[in-house]
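*Asks:* turn this into a structure:
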Amino acid sequence: MNKFKLIACILLVSFAYASDFKLSGDPGEIFALRFDKERFNDYMIIDRDGNKFVLVPLPFNKQGSFVEINGIKIFVNEKNFGESRINVDSSMVTLSKENQERTKKESEIINKALKKFSRIHKSDLNFKMPLNGIISSRYGKKRFINGLPRSPHLALDIAAPSGTEIFAPESGTVILVGNFFYSGNYLIIDHGFGLLSSYSHLSKVNVNLDEYVDQGKKIGEVGATGRVTGPHLHWSIYLNKTRINPESLIVENYLDSIL
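*Replies:* Numbers count the residues shown, from 1 in each chain. Alright, predicted model coming up:
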């Protein structure tokens, strides 16, 4: 290959790489990808003023790389979220054989629920804070438990006294209620089209399985059940099984900001 062809190839590759980076976003956020003719099965589609957008979650674990949807690549930026260090009873970290078996079964139950996909309700992503409290741990922090590195904290922790009321931040259907080793009293709400939210460590659950709840309805009370250091709500939001940052969805007009 002569010098001019080599330079041309380098420029072409550099242009393609730079073009990919035009489609980029932070981990834990939602990227609204505008499209015309493509079909995006099992994704939430937003129609705004005749323009169509598919909502793509950007996974925390894809930082510095691309997510691909129908051949379209979106770059996930690298971001430092800080770290969180907590200490808990060692029996909740180094598990007995019995508890290992329990947590494995419970993980399967939760993962099965998170795969559910309903088209009953489509959210406008105008979420509200589920309770009055103090944010004690934000999304994305590196987590150390008893000094040992663990999975990152992909949720929002809101500390409040036990018994503090928790309200549905958005309308949806309750698809799972149970008591689990790590999460304690726990429930999941399906908001439709792959968007779900979960609530952990409750002292009391005030809704039933398959119940439809309106935004603002009381769904439970803050507690300290499961693996905790004190009473708080561990609030997770999923889009297409990817955990996204709950704080983003409570920003006023969040959907408008990404379209």
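*Asks:* helix or strand for Lys104, just tell me which one.
*Replies:* Secondary structure assigned from DSSP states H and E places Lys104 in helix 97-114.
*Asks:* quick one: the strands in the stretch 101-250 of the chain, in order.
*Replies:* Under the criterion DSSP state E, counting those that start in this stretch, the stretch 101-250 of the chain contains strands at 134-137, 141-145, 148-153, 156-159, 165-167, 172-180, 184-192, 195-202, 204-205, 212-213, 218-221, 232-239, 242-244.
*Asks:* wait, which of those strands is closest to Leu33?
*Replies:* strand 232-239 (13.1 Å; C-beta to C-beta). (Each C-beta comes from the backbone N, C-alpha and C, glycine too.)
*Asks:* now the angle from that closest one to strand 195-202?
*Replies:* On the basis of axes from the mean of the first three to the mean of the last three C-alpha atoms, to 10 degrees, strand 232-239 is oriented at 160 degrees to strand 195-202.
*Asks:* ok, for Lys142, nearest residue in space, not its chain neighbours?
*Replies:* Glu83 (4.0 Å; C-beta to C-beta, 6 or more residues apart in numbering).
*Asks:* contacting residues for that neighbour?
*Replies:* 141-144 (C-beta atoms under 8 Å, 6 or more residues apart in numbering).
*Asks:* one step back: mind putting the strands of the stretch 101-250 of the chain in a markdown table, mean neighbour count and mean pLDDT included?
*Replies:* Below are the strands of the stretch 101-250 of the chain laid out as a markdown table (neighbours: other C-beta atoms under 10 Å; pLDDT from 0 to 100):
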| stretch | mean neighbour count | mean pLDDT |
| --- | --- | --- |
| strand 134-137 | 14 | 96 |
| strand 141-145 | 16 | 91 |
| strand 148-153 | 14 | 89 |
| strand 156-159 | 21 | 98 |
| strand 165-167 | 20 | 98 |
| strand 172-180 | 19 | 97 |
| strand 184-192 | 22 | 97 |
| strand 195-202 | 25 | 98 |
| strand 204-205 | 18 | 98 |
| strand 212-213 | 18 | 98 |
| strand 218-221 | 21 | 98 |
| strand 232-239 | 23 | 98 |
| strand 242-244 | 23 | 97 |
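*Asks:* and these as CSV, adding distance to Ile109?
*Replies:* Output for those, formatted as CSV (distance: least, C-beta to C-beta, whole Å):
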stretch, distance to Ile109
strand 134-137, 25
strand 141-145, 23
strand 148-153, 18
strand 156-159, 23
strand 165-167, 21
strand 172-180, 7
strand 184-192, 10
strand 195-202, 12
strand 204-205, 16
strand 212-213, 21
strand 218-221, 19
strand 232-239, 15
strand 242-244, 17
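*Asks:* state the distance from Leu196 to Asp256.
*Replies:* Leu196 sits 22 Å away from Asp256, going by C-beta to C-beta, to the nearest Å.
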